[in-house]
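Enquirer: need a 3D model of the following:
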Amino acid sequence: MRRIFLIGYMGSGKTTLGKAFAKAAGLEFIDLDWYIEERLHKTISKIFAEQGESGFREVERKLLHEAGDFEDVLIACGGGTPCFFDNMDYMNQAGDTVFLDVSPEVLFRRLKIAKTKRPLLAGKSDQELMAFIIGGLEKRLPFYSRARYCLSGERLESRSQIDESVRLLSALLSGDKQIENEIH
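Expert: Residues are numbered from 1 along each chain as shown. Modelled structure (predicted):
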């Protein structure tokens, strides 16, 4: 029985690496935001609009615990998931937590492309977007740093980079000490 929780800032590659790793490892893949939308039959934006952030975070916590009870699963968490309630403690107790660490510059490049799909980023200038990323990382790093493992999410742009990241994550989770030189 295996549970893996991928955490990190939006745009860090949790879904990209999560899908590839889950497939290679024979695990079920769950994107927590998608899971919430499926269970509530509403978009995350609509839940935020109706219930506010505090209402959304309550729903997120409940469904994190629900999905976290599944066996042989990899859960790609929302960027804020580890930062509320006892979520980080819960994930560390329930399975392996992996923080995908990505520089603000790489996040900026990725998120600039995806701005229209992310309501929190829509309408931000380049300067505002970079300031938003840096501020968000500063607030969230104390939570992210509590993950059991840390892996660079910088190289997830091509199939070969994704495959290499899957290999590195597999070695990291299996306790391969030699891999530590390669992960950052």
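
Enquirer: give the next helix or strand downstream of the longest helix anywhere in the chain.
Expert: Of all the segments assigned as helix in the chain under DSSP state H, the longest by residue count is helix 44-68. Downstream of helix 44-68, the next assigned helix or strand under DSSP states H and E is strand 73-76.

Enquirer: list the contacts of stretch 40-48.
Expert: With contact meaning Cβ atoms under 8 Å, 6 or more residues apart in numbering, stretch 40-48 is reached by Asp33, Ile36, Glu37, Glu50, Gly55, Phe56, Val59, Gly78, Pro119. For glycine as for every other residue, the C-beta is placed from the backbone atoms N, C-alpha and C.

Enquirer: check stretch 153-168 too.
Expert: In this structure, residues lying in contact with stretch 153-168 by Cβ under 8 Å, 6+ apart are 8, 12-14, 16-17, 20-21, 24, 100-103, 106, 151, 179, 182-183.

Enquirer: list the buried ones in the longest helix of the chain?
Expert: For helix 44-68, a neighbour-count test (16 or more other Cβ atoms under 10 Å) marks Ile44, Ile47, Phe48, Phe56, Arg57, Val59, Glu60, Arg61, Leu63, Leu64, Ala67, Gly68 as buried.

Enquirer: any of the contacts of stretch 153-168 buried? List them.
Expert: By the neighbour-count criterion of 16+ other Cβ under 10 Å, the contacts of stretch 153-168 include these buried positions: 8, 12-14, 16-17, 20-21, 100-102, 106, 151, 179.

Enquirer: need the max-distance pair from those residues.
Expert: Using Cβ to Cβ, those reach their maximum pairwise distance at Val106 and Ile179, which is 21.2 Å.

Enquirer: what ranges do the helices span in the protein?
Expert: 14-25, 32-40, 44-68, 87-94, 104-113, 126-144, 159-173.

Enquirer: coming back round to it: which one among the contacts of stretch 40-48 gets closest to Asp89?
Expert: For Asp89, the nearest member of these is Gly78. The distance, counting by Cβ to Cβ, is 17.0 Å.

Enquirer: quick one: the closest one from Ser125, how far?
Expert: With distances defined as Cβ to Cβ, to the nearest Å, the gap from Gly78 to Ser125 amounts to 25 Å.

Enquirer: neighbours of Ser125, how many?
Expert: Ser125 has 8 neighbouring residues, counting by other Cβ atoms under 10 Å.

Enquirer: next, it: phi, psi?
Expert: With angles defined as degrees, to the nearest 10, Ser125 sits at phi -70, psi 170.
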